[in-house]
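> Return a 3D structure for these sequence lines:
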Amino acid sequence: MKVRTPFLVVNPKSYLYGEKSLDLALAADKVAKETGIEMFFTCPFTDIRYISERTNHLIVTAQHMDPLKPGRGMGHILPESLKEAGAEAVFLNHAENPMTVEKLSKTIERAHELDMITIVCADSVFEAAAVCKLNPDIVLAEPTDLIGTGKTAGKGYVVETISKIREINPDILVMIASGVTTADDVYKVIKLGADGTGGTSGILKAPDHKKRIVEWAEAVKKAVKDRK
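Numbers count the residues shown, from 1 in each chain. The predicted structure follows:
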């Protein structure tokens, strides 16, 4: 599955679930339809089918999965079950759920077998470069210590990371997201060359969650226009 760029990730993690998760997903779905921007939406595993069956313009995204195949594996997350429920993408190696290199590599392979998009997290420029060797679809480069702080990575980090990943594999998309809060934050990272951005606290701490998604989408469009 090919990802259109630039893209946005609405990532409420597990702060929202059930009806509240669906409510935000429907708002994001409306923005995606009206703007034409590719938009990912994460949710708890048990909400994947609930949301995927009620939205039409989102890439519903699992927060993790394991590399097992159908059969034994009690308590682990089966990729086929996520795909069957409607997940078209998966986050891997997030700072809140890190993976060993071996497990990450195998899980990326399993995702590709099922035509699922992989968004793989990396903390440093060095780690981002290493992750590229595993051929993910998207590398989410974000310094762990900035997650949820409202402070974005500096221009130097953004530019160096994008340049390094492009040098290794120009087909891998680059997402910059740590600390992204305002529309101006979104504008800056997209303007600097990132393929996508998004966040959690930047949306959930906003006075109006739905309005913040609209603001971010408008910022993406403006940044793309100003690149030219």
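> Next secondary structure element downstream of the worst-scoring helix or strand of the chain on mean pLDDT?
Ranking every helix and strand in the chain by mean pLDDT, DSSP states H and E puts helix 155-168 at the bottom, with a mean of 88. The helix or strand immediately downstream of helix 155-168 is strand 173-176, counting by DSSP states H and E.
> which residues sit against that next one?
With CB atoms under 8 Å, 6 or more residues apart in numbering as the test, strand 173-176 has contacts from 3, 5, 7, 9, 119, 137-142, 153, 158, 161-162, 165-166, 189, 192-198. In short, each C-beta sits where N, CA and C put it, glycine included.
> rerun that using 6 Å as the cut-off
For strand 173-176, contacts defined as CB atoms under 6 Å, 6 or more residues apart in numbering pick out 138-141, 158, 162, 165, 189, 194-197.
> List the buried residues of the least confident helix or strand of the chain.
Buried residues in helix 155-168, counted by 16 or more other CB atoms under 10 Å: 157-158, 161-162, 164-165, 168.
> Likewise for stretch 39-56?
Going by neighbour count (16+ other CB under 10 Å), the buried part of stretch 39-56 is 39-45, 47-52, 55.
> Check the offset of it from the chain's centre.
14 Å (CA atoms, centre = their mean, to the nearest Å).
> do stretch 167-183 as well
Here stretch 167-183 is found 9 Å from its chain centre; the criterion is CA atoms, centre = their mean.
> can you tell me how far residue 13 sits from residue 63?
7 Å (CB to CB, to the nearest Å).
> who has more neighbours, these two?
Between residue 13 and residue 63, counted using other CB atoms under 10 Å, residue 63 has the larger neighbour count: 21 against 17.
> Do I have it right that the more buried one meets residue 89?
No: the criterion here is CB atoms under 6 Å, and residue 63 misses it with residue 89 at 10.4 Å.
> Give me the common contacts of the two.
Joint contacts of residue 63 and residue 89 (CB under 6 Å, 6+ apart) do not exist.
> Next, the contact list for residue 64, please.
By CB under 6 Å, 6+ apart, the neighbours of residue 64 are residue 97.
> ugh, wrong one, I meant residue 63
By CB under 6 Å, 6+ apart, residue 63 lies in contact with 42, 91.
> what are the phi and psi values for it?
Residue 63 adopts backbone torsions of phi -90, psi -10, taken as degrees, to the nearest 10.
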